[in-house]
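A.B. asks: Quick one: sequence plus predicted model below, questions after.
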Amino acid sequence: MTIVTGVTVRVPAKLNLQLAVGPPRADGYHDLVTVFHAVSLFDEITAEPARRDGVSVSGEGADRVPADGDNLALRAVSALRAEVPSAPGVHITIAKRIPVAAGLAGGSGDAAAALVACNELWAGGFGPPQLAEIAARVGSDVAFALLGGTAVGRGRGEQLTSALAPATQYHWVLAFADGHLSTPAVYAALDRQRAREQVPAEPGLDAALMSALRSGDARLVGRALSNDLQPAALSLFPALRKTLAAGLELGALGALVSGSGPTCVFLAASADRALDLAASLSGAGVCRSVARASGPAPGAAIISGAR
Ligand code: C5P
């Protein structure tokens, strides 16, 4: 018998290459059509046996992550325990590199990683479809963090279809903002903006983006990036306009607010161009810090402690 004392899982941040948002539903959520894209900016989560469930967080923005039952990773542990009633306590340690409340689904990623780690630690034996179902109960973006790559999300974002794109690697520059945005507040701002206009009942997948992804041409992908939440995020965080404009002036192929923001992301033509763009942007004084990442990146995966 193998005794596993701790399992560590690495999980990527996500961007939305398209985020089309429908009107609010009766349950308060919005129907979406989105193209998720996982990038090589990773959190690491370790699950170890403990008397009681608990969580500790270190790294980027750790002080903003709740350490109680509101923590998404702990909610994921509870959701999995509902399926494995005999499971013992677990302590989750989160090493954060994905900024908190930044539009990069860091919290959802941590939840996905906790599911994968506890499934291994408890020998839960759940396969990808069952884990995806549990993930969807924890949050809208959790199932995608399990899957990774590039995928189309529908419903709340939890109904996924992998987008089979060629093996192109895209080179991104991420501009982290000096501030945060709450996802529900950004959706609410969008609803207020839209109270004055007609909203299409069914958001649709962008054919130009899908064909750009099939071609693997970064220039076409850059032109087709879109995010319905962007005007709402900009209304709550007007300084992001300058950040987006600066990146485009510096030669990015495309620019957009990531998810509900406030991180801005820029597509570069190559790894070298991304390096130049990152250096210029960090000197331009339009964000707190910058990072480079490439995508698509794999979903949540065990990096040590596997059976
Ligand atoms: O599912 P998750 O907890 O990540 O969603 C956070 C919040 O974002 C929700 O409470 C809701 O206000 C908003 N949301 C939405 N429609 C979605 C996804 C999220 O309105 N499809």
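C.D. replies: That came through fine.
A.B. asks: residues touching residue 232, list them.
C.D. replies: Contacts here follow Cβ atoms under 8 Å, 6 or more residues apart in numbering; on that basis residue 232 touches 186, 187, 189, 190, 193, 260. Every residue, glycine included, has its C-beta placed from N, CA and C.
A.B. asks: any idea how far the ligand is from it?
C.D. replies: From residue 232 across to the ligand, the span is 11 Å (Cβ to the nearest ligand atom, to the nearest Å).
A.B. asks: for residue 61, same thing?
C.D. replies: The separation that residue 61 has from the ligand, given Cβ to the nearest ligand atom, amounts to 17 Å.
A.B. asks: Quick check: closest non-adjacent residue to the residue in the stretch 201-307 of the chain positioned nearest to the ligand.
C.D. replies: Taking Cβ to the nearest ligand atom as the measure, the stretch 201-307 of the chain has residue 260 as its residue closest to the ligand, at 7.2 Å. By the measure of Cβ to Cβ, 6 or more residues apart in numbering, the closest residue to residue 260 outside its immediate chain neighbours is residue 186, 4.0 Å from it.
A.B. asks: The host helix or strand of that neighbour: what's the following helix or strand?
C.D. replies: Following DSSP states H and E, one finds residue 186 within helix 183-194. Proceeding C-terminally, helix 183-194 gives way to helix 207-215 as the next helix or strand, assigned by DSSP H and E.
A.B. asks: Quick one: list the elements packing against that following helix.
C.D. replies: Using 3 or more Cβ pairs under 8 Å, 6 or more residues apart in numbering; DSSP states H and E, the elements in contact with helix 207-215 are strand 7-24, strand 30-49, helix 218-224.
A.B. asks: contacting residues for residue 163?
C.D. replies: By Cβ under 8 Å, 6+ apart, residue 163 lies in contact with 35, 149, 150, 151, 152, 210, 213.
A.B. asks: can you rerun that using 6 Å?
C.D. replies: For residue 163, the residues meeting the contact criterion (Cβ atoms under 6 Å, 6 or more residues apart in numbering) are 150, 151, 152.
A.B. asks: Identify, from those, the entry nearest to residue 91.
C.D. replies: Here the nearest of the contacts of residue 163 to residue 91, counting by Cβ to Cβ, is residue 151; it sits at 31.2 Å.
A.B. asks: Unless I misread the structure, the closest one falls within a strand.
C.D. replies: Yes - counting by DSSP: H, G, I helix; E, B strand; the rest coil, residue 151 is located in a strand.
A.B. asks: Wait, it touches residue 164, no?
C.D. replies: No - the criterion here is Cβ atoms under 6 Å, and residue 151 misses it with residue 164 at 9.8 Å.
A.B. asks: Those two: which is more packed in?
C.D. replies: Set residue 151 next to residue 164 and count neighbours by other Cβ atoms under 10 Å: residue 151 wins out with 22 against 10.
A.B. asks: Quick check: beta-bridge partners of that one?
C.D. replies: residue 36, residue 162 (DSSP bridges).
A.B. asks: can you map out the strands along the stretch 51-200 of the chain?
C.D. replies: 54-59, 90-96, 150-155, 159-162, 170-176 (DSSP state E, counting those that start in this stretch).
A.B. asks: Would you mark the buried spots in the fourth one?
C.D. replies: The neighbour-count criterion (16 or more other Cβ atoms under 10 Å) identifies residue 160 as the buried residues of strand 159-162.
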